[in-house]
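Colleague: when you get a sec, could you give me coordinates for this:
(one chain, ligands or ions: 1)
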Amino acid sequence: MLNCTQHTPVLLNETINALSLKDEGIYVDATFGLGGYSREILNKCNCSLLAIDRDPQAKEFAAPIKSTFENKFTFINGKFSELLKYLKETNINKVNGIVFDLGVSSPQIDTKERGFSFKLDGPLDMRMSLEGPTAEEFINKVEEKTLANIIYEYGDEVFSRRIAKNIAYERLTNRINSTGQLATIIRKSIPFSKQKIDPATRTFQAIRIYLNNEIYELEKGLIAAEKSLEPDGILAVVSFHSIEDRIIKEFFIKCSNNQSTSRYLPEKNERKNSLEIITRKPISPSSKEIERNKRSRSAKLRVARRTNFPSYFGDEE
Ligand SMILES: C[S@@+](CC[C@H](N)C(=O)[O-])C[C@H]1O[C@@H](n2cnc3c(N)ncnc32)[C@H](O)[C@@H]1O
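Modeller: Numbers count the residues shown, from 1 in each chain. Purely as a prediction, here's the structure:
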């Protein structure tokens, strides 16, 4: 059961405005969470909305929206990498806009039993979908070198080897089974520094990304989104760390080859752009928003518009 039911949607106005909502349109909220974006979309226009979230607990937040908007709103408990399958199942061909608001919701991070937070001492879980191996199972079993690579790659953590070594040493005598225990090992592994963030931040982020297969999800989700958009349809993506933002930026560049400088991509005229980039630079929250909602501080919004040209990835599934 959730013990926290608040989540302040980040970059809400900017994202909803970017979608250029229209009556009779069909939209997808790929990361429903507590439905902050979904509710705003449905309130703003007479449209239909398909909302997806991999967390089974998100269903609780979908129920009141369903009772207000009835057949205008459909919630699916699943992963956005499966978007094409869900569209087929709900008899939707193409959509007018898709929004992703990546990462975890406030109830996920603020509920200690979910095991995402290094600030609250709880079981080491970290599974968004509540299925598959827990962080506890992973951290007590993974090979030290593999763990170091994961922490480095998904956490940009320069002390990754030292952290992995200390985790491997600790688990020889004590099973690591709580977020507090893991955070203490990480903090002790990092030399005193003037860092503003908690030293456990990066490692927790890395384990979460790995365990939930977030990079694969993002890449598959973006491809599915590009394939499902109508010409002029909008893709809006909010991300919270540089690994995600880099993937989104490169995806946009790849699909809009006139901006690409890569010598490996075909020349401008050999390919047709399936996306037109709307945000040359990502949109960040205003200082007012950051003051109101500290969690928004690292958010970045990137927006692209689907063109008339065929999908960059082909139309087959
Ligand atoms: C930042 S929250 C979204 C908050 C939402 N915009 C709101 O205003 O309430 C991110 C949500 O995306 C979900 N999520 C993350 N990765 C997902 C994936 N691959 N497929 C579906 N849902 C995902 C998480 O479970 C979480 O509920």
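Colleague: what packs against the helix or strand containing L218?
Modeller: Per DSSP states H and E, L218 falls inside helix 214-228. Helix 214-228 is packed against helix 83-89, strand 95-101, strand 229-239, helix 242-255, with contacts defined by 3 or more C-beta pairs under 8 Å, 6 or more residues apart in numbering; DSSP states H and E. All C-beta spots, glycine's among them, are computed from the backbone N, C-alpha and C.
Colleague: for the residue lying farthest from the centre of the chain, what are phi and psi?
Modeller: The outermost residue of the chain, judged against the average C-alpha position, is T173 (35.6 Å), by C-alpha atoms, centre = their mean. Main-chain torsions, T173, degrees, to the nearest 10: phi -110, psi -30.
Colleague: ok, back up a step: among the helices and strands packed on helix 214-228, which is nearest R161?
Modeller: Of all the helices and strands packed on helix 214-228, helix 242-255 sits nearest to R161, with 19.1 Å by C-beta to C-beta.
Colleague: parallel or antiparallel, list what pairs with the next helix or strand after the closest one.
Modeller: Counting by DSSP H and E, the next helix or strand C-terminal to helix 242-255 is strand 275-277. Note on strand 275-277: by DSSP bridges, its sheet partners are strand 300-306 (antiparallel).
Colleague: now do the partner strand, average pLDDT.
Modeller: Average pLDDT, strand 300-306: 98.
Colleague: mind listing residues that contact it?
Modeller: With contact meaning C-beta atoms under 8 Å, 6 or more residues apart in numbering, strand 300-306 is reached by 11, 14-15, 18, 226, 229-240, 245, 248-249, 252, 255-256, 274-279, 282-284.
Colleague: may I have that strand as PDB, with CA atoms only?
Modeller: The C-alpha coordinates for strand 300-306 follow below in PDB (Å, rounded to 0.1, in the frame of the first residue of the first chain):
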ATOM      1  CA  LYS A 300      15.300  18.500 -19.200                       C
ATOM      2  CA  LEU A 301      12.500  18.600 -21.800                       C
ATOM      3  CA  ARG A 302      13.200  17.700 -25.400                       C
ATOM      4  CA  VAL A 303      10.500  17.900 -28.100                       C
ATOM      5  CA  ALA A 304      10.300  16.800 -31.700                       C
ATOM      6  CA  ARG A 305       7.600  16.700 -34.300                       C
ATOM      7  CA  ARG A 306       6.900  13.800 -36.600                       C
END
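Colleague: how about the closest residue to the ligand within the stretch 151-300 of the chain, what does it touch?
Modeller: Per C-beta to the nearest ligand atom, E217 is where the stretch 151-300 of the chain lies closest to the ligand, at 3.6 Å. By C-beta under 8 Å, 6+ apart, the contact list for E217 reads 79-81.
Colleague: change it to 6 Å
Modeller: If you count contacts by C-beta atoms under 6 Å, 6 or more residues apart in numbering, E217 has them with S81.
Colleague: S228 too?
Modeller: Applying C-beta under 6 Å, 6+ apart, we find S228 in contact with 87, 95.
Colleague: go on, the one 3 residues further on?
Modeller: Applying C-beta under 6 Å, 6+ apart to P231 gives the contacts 306, 308.
Colleague: residues of this protein that sit close to the ligand?
Modeller: Applying C-beta under 6 Å from any ligand atom, we find that the chain lies next to the ligand at 7, 9, 31, 33-37, 52-55, 58, 79-81, 101, 103-105, 128, 217.
Colleague: out of these, list just those in helices.
Modeller: If you go by DSSP state H, these have 36-37, 217 in helices.
Colleague: Throw the residues you listed into CSV and include pLDDT, thanks.
Modeller: Output for those, formatted as CSV (pLDDT from 0 to 100):
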residue, pLDDT
G36, 97
Y37, 98
E217, 98
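Colleague: now, which of those residues sits nearest N177?
Modeller: Using C-beta to C-beta, those come closest to N177 at E217, 26.5 Å.
Colleague: skip the chain neighbours and tell me the closest residue to K119.
Modeller: Beyond its immediate neighbours in the sequence, the residue positioned closest to K119 (C-beta to C-beta, 6 or more residues apart in numbering) is D198, lying 7.5 Å away.
Colleague: helix or strand for that neighbour, which one?
Modeller: Using DSSP H and E, D198 maps to neither a helix nor a strand.
Colleague: ok, the one 10 residues further on next?
Modeller: For R208, the enclosing helix or strand under DSSP H and E is helix 201-211.
Colleague: now do that helix: distance to the chain's middle.
Modeller: Relative to its parent chain, helix 201-211 has a centroid offset of 13 Å by C-alpha atoms, centre = their mean, to the nearest Å.
Colleague: do the same with stretch 79-87
Modeller: Using C-alpha atoms, centre = their mean, the offset of stretch 79-87 from its chain centre is 15 Å.
Colleague: what of stretch 9-24?
Modeller: How far stretch 9-24 lies from its chain's middle: 18 Å, per C-alpha atoms, centre = their mean.
Colleague: and what of stretch 157-165?
Modeller: Once both centres are worked out by C-alpha atoms, centre = their mean, stretch 157-165 turns out to sit 25 Å from its chain's centre.
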